[in-house]
Every structure is written in structure tokens, then in C-alpha cells.
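**Student:** Make a model of this:
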Amino acid sequence: MRIHIKFQTQTFPLKYRMMIVSLIKEALQLSSKEYFHKIYASNNKKRPFSFGVYLHDYEIQADVFQVNGYVGVTVASPDPEFMLYFYNGIMSMDEFQYKTFHMSRMKVQMVHTQPVTGSVVKMKTLSPLLIQNKQAKPVLVDEPSFEKELNYISDMILREIRGIGLKQPLRFMNKNMKKVVVKENIHSGNETLFFTAYQGIFLLNGHPEDLEFLSEAGLGFRSSQGFGAVEVI
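**Tutor:** Alright, predicted model coming up:
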């Protein structure tokens, strides 16, 4: 399940991920404070959603996007409860303010998703795929440990959200992935963190139920913070 929202705004931050996290939090709190506290009770808890951002017709000036078109936000989740509360909350928000940035909601629509029908799917990233080792160091896509760490975090996500880990190991086949370095303020304060991630198109082999779930929950690390959102193509 996924929802696409269009926003009208004049300016949008280059480091936008925490702004969208704040948007999602506000929508959930407006809809159900009980559910909001359920999924944000612990900082270490895996949240059942991923998101990607698309900007239409923009220019970069200093540390902001000057938006001539619109900002599109796609939020995906395998959890119907999350989607219900998020949809109800976002529909009650005509305007959203984050620091000095202001957005007006234009359009909200449910998005049709390509079903997973086999053990191999072709996917593209909606937000960069982030894979790290236990020391929180980036793992490059051509390193032997990339697939190992992808399986580790995927199994953890499935266990925490679905209750059952991977039904079979994942195999990652790099088709056309480009390395990107993302600058973001993840924590409070002004400290800028750098994340080495990948965006593009790839093949993923695994159990169809795992692939379906991960295509909405997100792949890799920090999937509820604007990394690892994917769609089946």
C-alpha cells in the first residue's frame, strides 16, 4: 500500500528527510495519539513505513530548493493500520509548517503497485539504499559483505514488524546503481552527517512474501528516515 501526496511550496530544504519525518509524525498524532506513541515509544523500534521525495521543476540556491512546480511525497507501508491513520491524518492537514518552510497540501491519492508474482523482482529506488556494517560504516555495492548486511537488516525489519524473519536469503543483483553521498541532519542540533548510499535499478531474489513486504517497508538501514524506499517495476 502506498500514498502519493503533492505539496505546493516555494522553498524546500536540501536536507529534507527530517522535515518529512516530522510531517508523518504530525499526521499520525492528529489521527491517533495512541498509535503514534505505539510506534515511536522507542528510538530503536523499526517503524512500518518508507518514503521517497520527488521535486518537479526546481532550482538549487544555497541550501534550499526553489520550487517552481511541486513536491511529491510517496509513503509506503505493509501495515494497513499505519496507512489508515496516516491517510486520515494527512487529509486533515491543509498546511504544514517545519521551521521556516511551509507547504500546502494539493492532492492525495492511493497508488497502484506492481504485485510480486515470483522469486525475482526488478526494483528501482525512490530514495537511496543505505547498507552499513555493525560499525555503522558504509558497505559498497560491489563488496562481498553488501549482500550479507542487506540480509541482516532485512531479517531484522521483518522480525520486528511482521514477527517472522526472512523465509529465505535475499540475493542482490546490481543492474544500474549509482553511488550518492547524502548530507542530512538526522539528530537534533546542526550536526551534518554524511551517508554513502545507492540509487538506481536492481534485481532482488527471495521469497515472494518477503519481497512484497520489503517493497513497502523499505530496504536497508534508516528506511523510516528517507532511505531505502523502493518500488517494483
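
**Student:** Spell out which residues make up each domain of this protein.
**Tutor:** Structural domains assigned to the chain are 2-110, 120-232, following automatic domain parsing.

**Student:** I'd like these written out as TSV, with mean pLDDT and mean neighbour count added.
**Tutor:** C-betas here are computed from N, CA, C, even on glycine. Converted to TSV, these look like this (pLDDT from 0 to 100; neighbours: other Cβ atoms under 10 Å):
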stretch	mean pLDDT	mean neighbour count
domain 2-110	95	16
domain 120-232	93	18
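
**Student:** Show me the beta-bridge partners of the residue nearest to residue 192 when sequence neighbours are not counted.
**Tutor:** Ranked by Cβ to Cβ, 6 or more residues apart in numbering and with sequence neighbours excluded, the top spatial neighbour of residue 192 is residue 183, at 5.4 Å. Counting by DSSP bridges, residue 183 forms beta bridges with residue 194.

**Student:** Contact partners for residue 183?
**Tutor:** Contacts here follow Cβ atoms under 8 Å, 6 or more residues apart in numbering; on that basis residue 183 touches 14-15, 192-194.

**Student:** same question, residue 55
**Tutor:** Contacts for residue 55 (Cβ under 8 Å, 6+ apart) come out as 12, 65, 67, 69-72.

**Student:** what about 6 Å?
**Tutor:** Listed by Cβ atoms under 6 Å, 6 or more residues apart in numbering, the contact partners of residue 55 are 65, 71.

**Student:** Let the chain start at 305 from now.
**Tutor:** Will do, 305 is the new start, and the previous item becomes residue 359.

**Student:** Okay, now the sheet partners of the helix or strand encompassing it, with direction.
**Tutor:** Remark: residue 359 resides in strand 354-365, with elements defined by DSSP states H and E. Pairing partners of strand 354-365, with direction, according to DSSP bridges: strand 368-380 (antiparallel).

**Student:** For the partner strand, give me every contacting residue.
**Tutor:** 306-313, 315-317, 353-363, 430, 520.
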